[in-house]
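Engineer: any chance you could fold what I've pasted below:
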Amino acid sequence: MSVNVNKIVIVGGGSAGWMSASTLKSCFPEKEIVVIESPNVPTVGVGESTIGGINNWCNLVGIKDKDFMKFTDASYKLSIQFTNFYKKDSGSFHYPFGPSNSTGHAAGRNDWYFKKFLHPETPLSDYAECMYPQMALVTENKLDTNINLPGFVFERDTAYHFDATKFGVWLRDNFCKPRGVIHKQTEVTNAVLNEDGIQKLILSNGEEITADLFIDCTGFKSLLLAGYMQEPFNSYEEMLPNNSAWATRIPYTDKKEQLNSWTDCEAINNGWVWNIPLWSRIGTGYVYSDKYVTDADALEEFKDHLKSKELYRDDLEYKNIKMRVGIHNRLWVKNVCAIGLSAGFIEPLESSGLFTVHEFLLKLVRTLYRGSVSQWDKEAFTSACVLQFREFSEFVALHYALSHRDDTPYWRAVGQRTYAPKNIDHTFTAQNIVGFNNAVNSKFKLFNFGLDNEGGGFNCIASGMNYFPTDPYTIVSYGYPSNRDWKQYFKTTTDNINAKKSEWKELVKNTPSMYDFLEKNVYSD
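Structural biologist: Just a heads-up that it's a prediction; the model follows:
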């Protein structure tokens, strides 16, 4: 039997709760939307780094970046940098947002590999710099709205660093409540269940509340889905090694130098450290596994890291976060649906926290758009969300699977994990793209290098960790190109990508710095 959904109660505030309310009210203004937010439960958010999909969500609800940036202490983000993930002291490489550029190439994005084979001393970081025009902005830490870089679209190819807690507050006060979302500052103390799920919630203020649909945004606690509905949780610990984090906030000592246009992720002894440059401060944290280091020792490792970066201060306050990595079997059970951490969580690498929120919300409104909701609709919603969650989790896991670090027990264990077939399907099929067999991951199309917009970010991550879709031996063995000296032939392609890299650098020469751009366009008044 299908059910009409006219009244929706969201339990939990924070970024997930208020993004849910914003989405539902913008798409279904006639529905009654209620948010129950505890005044006593702090949100998990300690600063967030987003990826490009946040712009699609902003388009959906009808907000502009400058609407919220100043309030949320935001800066723009163009890329994610990975440091020392391949090996200890191996350096950094980038995964920039936006499309790659293969203009004039003989074999699409494969051309860079020919350059690498011809010149083995070429650093791995050079891949992104040669394939992505926007890396000219990243390497110079510059930005502007009108830049004549091939394929770069400011509104699409930038994301944000912002304070996630402040983002939820801004949505609450500036978007949701003015549009009629009902805000109840109280706690859920109990629930009355029936065959349809939750019949009513009992609140600490004595009120009882009913709804056609209850949305769980209570974070890792998952009060409704895990608690009242007792839905089993599938841990991803066999694939993703980390379950804990220490986080803190650091004042700038030289904002013009330290405010970068990327999130930095640096691998250290038992995990990795994030560095997120907001406008007024730096958000940083150490993601680790407590199976290999105690919380106390991890905190000392984190402090030592901050000292090595000249970021340590005696007055810093640290927050310890225990992460529940994985996802529930079902995300929509009877009349309860989960969004955000209450549904599932991939560790922070690749800025996945808000990604699953806005992507699951898009699937939710698509389901509700039909009018009434049937059991099929609920199961289809779960299937779509779990599939996307699984694929993104496998992408994150590959950051570890491709690592060759072996300097600590943690990293040696990472290198000894079995990723297939249970965890990651790395069965490769052969695809002839440029005359030799080019390994193509059948599940993700990760190495579909003939198409500029295919492959997600895996081509950048793989290349940054010395994992290529071909090699000079394969080129020679397949006789490509026929009757010609392949080294001489591919010198032409190398010259082409080097020339384009220089051209892109010249195009951004007079572009303002990230600091100057933000100060003038966002924070000037």
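
Engineer: C-alpha only now, for contacts and for neighbours.
Structural biologist: Will do.

Engineer: just the endpoints, please. Distance across stretch 190-204?
Structural biologist: End-to-end distance for stretch 190-204: 9 Å, by CA to CA, to the nearest Å.

Engineer: do the same with stretch 221-229
Structural biologist: Terminal residues of stretch 221-229 are spaced 13 Å apart (CA to CA).

Engineer: residues touching the residue lying closest to Glu32 once chain neighbours are set aside, list them.
Structural biologist: Distances taken as CA to CA, 6 or more residues apart in numbering place Lys7 nearest to Glu32, at 4.7 Å, with adjacent residues excluded. Shown in contact with Lys7 (CA atoms under 8 Å, 6 or more residues apart in numbering): Lys31, Glu32, Ile33, Val34, Ala211, Asp212, Leu213.

Engineer: one more pass at 7 Å, please.
Structural biologist: Lys31, Glu32, Ile33, Ala211, Asp212, Leu213 (CA atoms under 7 Å, 6 or more residues apart in numbering).

Engineer: quickly list the domain ranges of this structure.
Structural biologist: The chain breaks down into these structural domains: 3-75+161-237+325-396, 100-150+427-507, 244-321 (assignment by automatic domain parsing).

Engineer: quick one: Gly206 is in a strand?
Structural biologist: No. Counting by DSSP: H, G, I helix; E, B strand; the rest coil, one finds Gly206 to be coil, located in no strand.

Engineer: ok so, going back, phi, psi of the residue nearest to Glu32?
Structural biologist: Dihedral pair for Lys7: phi -120, psi 130, per degrees, to the nearest 10.

Engineer: from Val188, how far off is it?
Structural biologist: Distance, Lys7 to Val188, using CA to CA: 18 Å.

Engineer: rewinding a little: take the contacts of Lys7 and keep only those in strands.
Structural biologist: When DSSP state E is applied, those are split such that Glu32, Ile33, Leu213 fall in strands.

Engineer: just give the number of residues close to the first one.
Structural biologist: So that's Glu32. The burial count assigned to Glu32 is 17, neighbours taken as other CA atoms under 10 Å.

Engineer: tell me the pLDDT at it?
Structural biologist: You'll see Glu32 listed with a pLDDT of 98.

Engineer: list the contacts of stretch 227-238.
Structural biologist: In contact with stretch 227-238 (CA under 7 Å, 6+ apart) are residues Leu225, Ala226, Val325, Gly326, Ile327, His328, Asn329, Arg330.

Engineer: over to it now: how far is its first residue from its last?
Structural biologist: End-to-end span of stretch 227-238 (CA to CA): 24 Å.

Engineer: average model confidence for that stretch?
Structural biologist: 96.

Engineer: repeat that for stretch 296-309.
Structural biologist: Average pLDDT, stretch 296-309: 98.

Engineer: which residues of the protein score low on pLDDT?
Structural biologist: Residues of the chain meeting the criterion pLDDT under 70: 1, 41-47, 420-456, 478-486.

Engineer: need the residue closest to the centroid of it.
Structural biologist: Ser351 (2.7 Å; CA atoms, centre = their mean).

Engineer: show me what contacts that residue?
Structural biologist: Taking CA under 7 Å, 6+ apart, we find Ser351 in contact with Ser49, Thr50, Ile51.

Engineer: just the buried members of those residues?
Structural biologist: Buried members of those, counted by 16 or more other CA atoms under 10 Å: Ser49, Thr50, Ile51.

Engineer: got the phi and psi for the last one?
Structural biologist: Looking back up the chat, that one is Ile51. Backbone geometry at Ile51, expressed as degrees, to the nearest 10, gives phi -120, psi 180.

Engineer: from memory it sits against His161, does it?
Structural biologist: No. In this structure, Ile51 is not within contact of His161 by CA atoms under 7 Å, at 9.2 Å.

Engineer: would you confirm that Ile215 belongs to a strand?
Structural biologist: Yes. Assessed by three-state DSSP, Ile215 belongs to a strand.

Engineer: how about the contacts made by it?
Structural biologist: Val9, Ile10, Val11, Val336, Cys337, Ala338, Ile339.

Engineer: again, 10 Å this time
Structural biologist: Ile215 makes contact with 8-12, 17, 20-21, 35, 224-225, 331-332, 335-339, 342 under the criterion CA atoms under 10 Å, 6 or more residues apart in numbering.

Engineer: now swap in Thr186 and tell me
Structural biologist: Listed by CA under 10 Å, 6+ apart, the contact partners of Thr186 are Gly12, Val35, Ile36, Glu37, Ser38, Pro39, Asn40, Leu203, Ser204, Asn205, Gly206, Glu207.

Engineer: in PyMOL, select just the buried ones from the residues you listed.
Structural biologist: Here is the PyMOL command that selects the buried residues among the contacts of Thr186 (16+ other CA under 10 Å):
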select buried, resi 12+35+36+37+38+203
